[in-house]
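with the input below, show me the fold.
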Amino acid sequence: MFSGGSGELTNLEVIFLGTGGSIPTPQRGLSAIAIRRKTELLLFDCGEGTQRQMIQAKVGFHRKTKVFVTHLHGDHILGLPGLLQTMSLMDRTKKLEIYGPQGIKAFVEAISKTVRFSLTFPVQVFEVEAGLVCEEKEYRVIAAQTDHIDHSLAYALVEKPRPGRFNTEKAKELAVPEGPLWSKLQGGSSVKLPSGRNVKPEMVLGPPRPGRKIVYSGDTRQSETLVELAENADLLIHEATFDDELKERAVEDGHSTPSMAAETAEKAGVKRLVLTHISARYKDAGLLLEQARKIFVDTELAEDFLRLELPLSEA
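I've put the predicted structure just below:
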């Protein structure tokens, strides 16, 4: 598990709900990766049975939630009908946002027209292309086109820089009274002292601290656009459907091998690589991990319910 060393809460956990490719196995569900960030849940892909995996992982169904679909192959989207129904049965009321490539709206509309259950919450669907997908106060999600058989996207969760550390001694020297004015300065707002003096945040704050970056490849062959998207990421989650001996098969089917994933990680300068979307042919996928580590040492092999915490950087 990745952990923070600064004592500051990381407030970000990556939970691998499904790590198999194409068909489920007794050990692996189908593609679904949850990122629990503070009180929000970001779900990347939603393979069949995702709602059961969420129950098993105790992720919950009532958080503010966004779903990002990489492409419209069944092992990445067939969990959506079950997820919507389970959320309704659990009396969810918060809006659910779904993002995906062209066709995702028609898919969700088909669910609502043909599957007989009543939604207890609003659903908003966005068809997206490469570029900025959504932006919140503290983060943005960016997509890039990947090289799969059909139109497919990779996604990057990119946190915005955090304010620098608050220098209490400097604040006291400037005669800023402790309390609400300190909070305003920490939040990036200038304040006016009772004396009439204006104090700007940069006068009491250290340099901005970088946020974290997590990239999920979806299904893809090697792709320069993915290398660019993953540049300097804290974590790259990359498919490795077949081992290196089956490279021709992987390329033909629009997939990657462990070495291909590792080369992408190396080129992009990422800190960590996790392999996922493992073919059902591998009961023991240790071979895939060995192949990737020959090129990129900081590689892990995803298993269902693997949980990773990413530390906040002080650099």
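
C-alpha only now, for contacts and for neighbours.
OK.

Tyr155 contacts Ala144, doesn't it?
Yes - here Tyr155 lies in contact with Ala144, judged by C-alpha atoms under 8 Å, at a distance of 6.5 Å.

higher neighbour count, these two?
Ranked by neighbour count (other C-alpha atoms under 10 Å), Tyr155 and Ala144 place Tyr155 first, with 27 against 24.

so what's that one up against?
Contacts for Tyr155 (C-alpha atoms under 8 Å, 6 or more residues apart in numbering) come out as 68, 70, 141-144, 215-217.

rerun at 10 Å
By C-alpha atoms under 10 Å, 6 or more residues apart in numbering, the contact set of Tyr155 is 44, 68-70, 130-133, 141-146, 214-218, 226, 229-230.

could you do Pro163 as well?
Applying C-alpha under 10 Å, 6+ apart to Pro163 gives the contacts 185-188, 201-202, 205-211.

and these, which are buried?
185-186, 201-202, 205, 209-211 (16 or more other C-alpha atoms under 10 Å).

coming back round to it: now for Tyr155 and Ala144: what residues contact both?
In contact with both Tyr155 and Ala144: 70, 130-133, 217, 226, 229-230, using C-alpha under 10 Å, 6+ apart.

what is the nearest of those residues to Leu83?
Lowest distance from Leu83 to the shared contacts of Tyr155 and Ala144 (C-alpha to C-alpha) belongs to Thr70, with 16.8 Å.

so that closest one makes contact with Leu153?
Yes - counting by C-alpha atoms under 10 Å, Thr70 touches Leu153, with 4.8 Å between them.

shared neighbours, the two?
Counting by C-alpha under 10 Å, 6+ apart, the residues touching both Thr70 and Leu153 are 100-101, 143-146, 216-219.

can I get those residues in TSV with distance to Gln27 and pLDDT?
TSV is the format used below for the shared contacts of Thr70 and Leu153 (distance: C-alpha to C-alpha, whole Å; pLDDT from 0 to 100):
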residue	distance to Gln27	pLDDT
Gly100	27	98
Pro101	29	97
Ala143	30	98
Ala144	30	98
Gln145	30	97
Thr146	28	96
Tyr216	21	98
Ser217	22	97
Gly218	20	96
Asp219	20	97
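
any of the residues you listed buried? List them.
For the shared contacts of Thr70 and Leu153, buried by 16+ other C-alpha under 10 Å: 100-101, 143-146, 216-219.

picking that back up, Arg63: which of the shared contacts of Tyr155 and Ala144 is nearest?
Distances from Arg63 to the shared contacts of Tyr155 and Ala144, taken as C-alpha to C-alpha, are shortest for Val133 (20.1 Å).

now do the contacts for the closest one.
Counted by C-alpha under 10 Å, 6+ apart, Val133 has contacts 68, 99-100, 126-127, 140-144, 155-156.

CA atoms of stretch 13-20 as CSV?
Extracted C-alpha coordinates of stretch 13-20, given in CSV (Å, rounded to 0.1, in the frame of the first residue of the first chain):
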residue,chain,number,x,y,z
GLU,A,13,-7.7,5.7,-2.2
VAL,A,14,-7.7,3.6,-5.3
ILE,A,15,-9.8,0.4,-5.1
PHE,A,16,-9.5,-2.2,-7.8
LEU,A,17,-13.0,-3.6,-8.1
GLY,A,18,-12.5,-5.7,-11.2
THR,A,19,-9.2,-6.6,-12.9
GLY,A,20,-10.1,-9.2,-15.5
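
pLDDT averaged over that stretch - what is it?
The average of the pLDDT scores along stretch 13-20 is 98.

measure how buried the closest residue to Lys38 other than its chain neighbours is and give me the count.
Distance criterion C-alpha to C-alpha, 6 or more residues apart in numbering; nearest residue to Lys38, sequence neighbours excluded, is Asn11 at 4.9 Å. Residue neighbour count, defined by other C-alpha under 10 Å, stands at 14 for Asn11.

ok, Asn11 to Ala230 distance?
According to C-alpha to C-alpha, to the nearest Å, Asn11 stands 22 Å off from Ala230.

all helices for this protein, in order.
Under the criterion DSSP state H, helices of the chain are mapped to 50-57, 74-77, 80-89, 104-114, 168-173, 180-186, 224-229, 247-252, 258-268, 286-293.

out of the ones you listed, nearest to His238?
Closest among those, using C-alpha to C-alpha: helix 258-268, at 6.1 Å.

buried residues in the closest one?
258-266, 268.
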